[in-house]
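K.L.:
build me a structure from this.
(chains A, B, C and D)
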Number of protein chains: 2
Amino acid sequence: MTELSTMKDGVANQAEASDRVLQILAEAGRLFASKGFEGTSMRDIALACGISKSLLYHHFSNKDEIYARVAVGSTLELYLFVRDRIPDGPPSQKIRAFMVATAEYFRRYRWAWIASTTAFWNDPDRSRHKERLTRRDRFENFLRGLIQEAIDAGEIRKVDVPMTGRLILSSLNWMHRWYNPNKSATPEQIADVFFDMIFNGLRSGELVALPGAEPSKAGRRKAR
Amino acid sequence: MTELSTMKDGVANQAEASDRVLQILAEAGRLFASKGFEGTSMRDIALACGISKSLLYHHFSNKDEIYARVAVGSTLELYLFVRDRIPDGPPSQKIRAFMVATAEYFRRYRWAWIASTTAFWNDPDRSRHKERLTRRDRFENFLRGLIQEAIDAGEIRKVDVPMTGRLILSSLNWMHRWYNPNKSATPEQIADVFFDMIFNGLRSGELVALPGAEPSKAGRRKAR
DNA sequence: GTTTTCACCGACCGATCGGTCAAGCCCGGC
DNA sequence: GCCGGGCTTGACCGATCGGTCGGTGAAAAC
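P.N.:
Numbers count the residues shown, from 1 in each chain, chains lettered A, B, ... in the order given. Now for the predicted structure:
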């Protein structure tokens, strides 16, 4: 399952799919990402593909299935994709590799990624993307394992593991809201910068005594 | 404009609004947050309020206006709300206060916040929430000013200011996706934890020499 | 007492929604 | 020649969409 050569046109893990199906998934993902699931009609998808609406129903049973193929297809391999890019070495470097690999996945399958992380996040009808959610849980648990590993190795201090995982994933999951492929650095570079900030912290090595600065809760770690 | 006593029922800045209008805004915000803008029909809103659909059009001209009142109302005062909660003192503590205040705002106006940060984020028809976007720009620029202040004061190292702002806002903006008011700590406490992680970093004070660990890019700051 | 105002409603509109269906088109095998 | 089957289509369905309309009843204004 480490072979990811079946990915085409930014659509992941659609191995036996025809070109037409891949085209539909690509266009649908782009539309779902920009206008949302409810905001995208079957007519929109058909028009974007230059085909009739009926043909969509020849290849897919309904709208939900198209979304499921887009969303699940984009999260199906995420865990494996990232896992296979974690090198041997210090746990902190594994966390860094985790972030960079996730960013690379985001760059490759951007529209599908956005579509799957945007729509239905709070929909009461969970059945539509239950599988997606369990896969994301596995992905997040994998990260928590790496964090615990780094704590056990003494590389990072004894932080709250779930909260640390949420902080790391927040920096990656929010990226699509401001990332501009024409102006920003590559997602991998951005992930690298974020890792540096989170791991090393923003604080400068030498603490300056500000006039009038009073002791504060967050300054609890003593100056070194 | 620092008087925020006009906020009721989690709906911000709706000063002269009647109870019915406030009810509509509250229900609409909750629905927009959970089902999205396109996924919420005027009938849904009317039903949730226990009124007829016609009455919605008596109080609002159309669906977009309801959303605008929800979204703009929730971001209108955000900047002022946060700004007024920044204490005098070291710039780093201002950043911390910024994060905690934003979290408090999120806790108070949760549904409106989610609705405004979820819908239309990539809609080609930007006119619908242009005002909201410029307000968020001012909010983000305010944070960048605080970061620059902390750099100038020597409290934090010379990081990339826009990227640092994005990291901080990511941790806050993604919170609604996993925050559970029944199980999680308060948003303010969460913001405090995130500030500690970002400011002080995850790395433990003493570096352990792992067998087989090789020098890496992220380990560029020398051990102290 | 009359008129104006205002919150409110049920019925209705054209447009669009997701989805169906019978029928053509195209092309390789016989 | 023609035949079968996958690809493709336009016409069509009931339901629902956002939005409009005329009207009601009660309080406020005169």
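K.L.:
can you report how many residues lie near the residue nearest to A:Gly39 when sequence neighbours are not counted?
P.N.:
Spatial nearest neighbour of A:Gly39, chain neighbours left out: B:Glu38 (4.0 Å); criterion: CB to CB, 6 or more residues apart in numbering or on different chains. C-beta coordinates here come from the backbone N, C-alpha and C atoms, glycine included. The number of residues packed near B:Glu38 is 17, by other CB atoms under 10 Å in any protein chain shown.
K.L.:
can you tell me how far B:Glu38 sits from A:Gly165?
P.N.:
Per CB to CB, to the nearest Å, B:Glu38 is found 32 Å from A:Gly165.
K.L.:
what helix or strand is the closest residue to A:Arg96 other than its chain neighbours located in?
P.N.:
Distances taken as CB to CB, 6+ apart put A:Phe195 closest to A:Arg96, at 4.5 Å, once the chain neighbours are dropped. Secondary structure from DSSP states H and E places A:Phe195 in helix A:187-200.
K.L.:
which parts of that helix are buried?
P.N.:
Within helix A:187-200, the residues that qualify as buried are A:Pro187, A:Ile190, A:Ala191, A:Asp192, A:Val193, A:Phe194, A:Phe195, A:Asp196, A:Met197, A:Ile198, A:Phe199, A:Asn200, counting by 16 or more other CB atoms under 10 Å in any protein chain shown.
K.L.:
export that helix as CSV, just CAs?
P.N.:
What follows is helix A:187-200, C-alpha atoms only, in CSV (Å, rounded to 0.1, in the frame of the first residue of the first chain):
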residue,chain,number,x,y,z
PRO,A,187,3.8,24.2,2.0
GLU,A,188,6.8,22.1,2.9
GLN,A,189,8.9,25.2,3.7
ILE,A,190,6.0,26.7,5.7
ALA,A,191,5.7,23.5,7.7
ASP,A,192,9.4,23.7,8.4
VAL,A,193,9.1,27.2,9.7
PHE,A,194,6.2,26.3,11.9
PHE,A,195,8.1,23.4,13.3
ASP,A,196,11.0,25.6,14.2
MET,A,197,8.7,28.1,15.9
ILE,A,198,6.8,25.5,17.9
PHE,A,199,9.8,23.3,18.8
ASN,A,200,12.3,26.1,19.6
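K.L.:
for the residue nearest to A:Gly39, give me its contacts.
P.N.:
A:Lys35, A:Gly36, A:Glu38, A:Gly39 (CB atoms under 8 Å, 6 or more residues apart in numbering or on different chains).
K.L.:
next, it: phi, psi?
P.N.:
phi -70, psi -30 (degrees, to the nearest 10).
K.L.:
residue ranges of the strands in chain A, please?
P.N.:
Applying DSSP state E to chain A gives no strands.
K.L.:
can you name the residue of it nearest chain B?
P.N.:
Going by CB to the nearest CB, chain B is nearest to A:Gly201 of chain A, at 2.4 Å.
K.L.:
and that residue, what's its pLDDT?
P.N.:
You'll see A:Gly201 listed with a pLDDT of 93.
K.L.:
break chain A into its domains for me.
P.N.:
Domain assignment for chain A, taken from automatic domain parsing, gives A:19-74, A:75-200.
K.L.:
pretty sure the residue of chain A closest to chain B contacts B:Phe199?
P.N.:
Yes - with contact defined as CB atoms under 8 Å, A:Gly201 reaches B:Phe199; the gap is 5.9 Å.
K.L.:
okay, A:Gly212: pLDDT?
P.N.:
Per the predicted model, pLDDT is 45 at A:Gly212.
K.L.:
same thing with A:Arg144?
P.N.:
What the model reports for A:Arg144 is a pLDDT of 97.
K.L.:
likewise for the one 5 residues further on?
P.N.:
The model reports A:Glu149 with a pLDDT of 96.
K.L.:
could I get the contacting residues of the spatially closest residue to it that is not a sequence neighbour?
P.N.:
Nearest non-adjacent residue to A:Glu149, counting by CB to CB, 6+ apart: A:Pro91, 4.1 Å away. The contact partners of A:Pro91, taken as CB under 8 Å, 6+ apart, are A:Leu146, A:Glu149, A:Ala150, A:Asp152, A:Ala153, A:Glu155, A:Ile156.
K.L.:
what do you get for A:Leu31?
P.N.:
Shown in contact with A:Leu31 (CB under 8 Å, 6+ apart): A:Thr40, A:Asp44, A:Ile45, A:Ala48.
K.L.:
now A:Leu78
P.N.:
Contact analysis of A:Leu78 by CB under 8 Å, 6+ apart lists A:Thr102, A:Tyr105, A:Arg135, A:Arg136, A:Phe139.
K.L.:
about what we covered before: the contacts of A:Leu31 also near DNA strand C: which ones?
P.N.:
Intersecting the contacts of A:Leu31 with the contacts of DNA strand C gives A:Thr40, A:Asp44 (criterion: CB under 7 Å from any atom of the strand).
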